[in-house]
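Asker: Pasted the sequence and its predicted model underneath.
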Amino acid sequence: MRSVKETVFLVDDDPSVLKGLRRLLTAAGLEVAAFESPREFLDRHDASAPGCLVLDLAMPGVNGLELQRELAARGSTLPIVFLTGHGDVPTSVQAMKRGAADFLTKPVDEKDLLAAIHGAFEKGRATRTARAETAEAERRIATLTPREREVLEHVVAGKLNKQVAGELGTVEKTIKVHRARVMEKMEAGSLAELVRLAERCGIRGTPDKS
């Protein structure tokens, strides 16, 4: 199955800048979609489309930082490369703290821009992979019975079968059976892998009652 090609989404209120960037990136073999305002981008953008956002910082109405904040509120993980003609250091720090992939000043160097875009693509791929792995781990956990879930939480806390049996009021042999089923359903080949899958879903184990 062929993967969807990543797109560079350009947002800049200056038509000449937008045209120049589009020409540059298209010549570099990149898929490009251009928007003259953050509002136009929000109205037309497909949130499931992979790629990155090259975003002008200073724009009338909704500015770059506000668009970044709006996308975060919508749960978007689209990496953002900011462009600014002001070289505003405090603003760039604010943007980076909010997760921006990069921050470049205008006039932007072609090599720097392309490097930033490819870096943002890598960041986006890593985020999508992590999300897919978490979703798969959650799917596996959902197949566990309530008792198997309890056993999982105790096991990932590092407890021995005998300890788990004592806390759950059953015998060690029963815990061994549950543990084997947990390993099977979670498709974990080792305890370390089981712990990694559980932690990906926020399960860090049940502490001792003592």
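Answerer: Done, it's in.

Asker: per the record, what domains does this structure have?
Answerer: Following automatic domain parsing, the chain resolves into domains at 7-135, 143-200.

Asker: Got phi/psi on His45?
Answerer: Phi and psi for His45, reported as degrees, to the nearest 10, are phi -70, psi 130.

Asker: Isn't it up against Phe9?
Answerer: Yes - His45 is within contact range of Phe9, at 6.6 Å (criterion: Cβ atoms under 8 Å). Every residue, glycine included, has its C-beta placed from N, CA and C.

Asker: who touches both of those two?
Answerer: Here His45 and Phe9 have Phe35 as joint contacts, going by Cβ atoms under 8 Å, 6 or more residues apart in numbering.

Asker: Switch the domains of the chain over to JSON lines; also include mean pLDDT.
Answerer: Shown next, in JSON lines, are the domains of the chain (pLDDT from 0 to 100):
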{"stretch": "domain 7-135", "mean pLDDT": "88"}
{"stretch": "domain 143-200", "mean pLDDT": "94"}
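
Asker: neighbours of Gly20, just the number please.
Answerer: Gly20 sits with 13 neighbouring residues when counted by other Cβ atoms under 10 Å.

Asker: looking at this, it is in a strand?
Answerer: No - counting by DSSP: H, G, I helix; E, B strand; the rest coil, Gly20 is not part of a strand but helix.

Asker: Now do the strands in this protein.
Answerer: Taking DSSP state E as the test, the strands found in the chain are 7-11, 31-35, 51-56, 80-84, 102-105.

Asker: Describe which strands the fourth one pairs with in its sheet and in which direction.
Answerer: Read that as strand 80-84. Strand 80-84 pairs in its sheet with strand 51-56 (parallel), strand 102-105 (parallel), by DSSP bridges.

Asker: And for it, what's in contact with it?
Answerer: With Cβ under 8 Å, 6+ apart, strand 80-84 has contacts from 12, 52-58, 64, 68, 71, 91-92, 95, 99-106, 108, 113, 116-117, 120.

Asker: Kindly report the same for the third one.
Answerer: Residues from elsewhere that reach strand 51-56, judged by Cβ under 8 Å, 6+ apart: 6-14, 17, 21, 31, 38, 41, 64, 67-68, 71, 78-84, 101, 113, 117, 120-121, 123-124.

Asker: Show the backbone phi and psi for the residue of the chain positioned farthest from its centre.
Answerer: Most distant from the centre of the chain: Val171, at 42.0 Å, with distances by Cα atoms, centre = their mean. Main-chain torsions, Val171, degrees, to the nearest 10: phi -100, psi 160.

Asker: From Glu184, how far out is the residue nearest to it when sequence neighbours are not counted?
Answerer: Using Cβ to Cβ, 6 or more residues apart in numbering and skipping residues adjacent in sequence, the residue nearest Val171 is Ala165, 5.7 Å away. Taking Cβ to Cβ, to the nearest Å as the measure, Ala165 falls 19 Å from Glu184.
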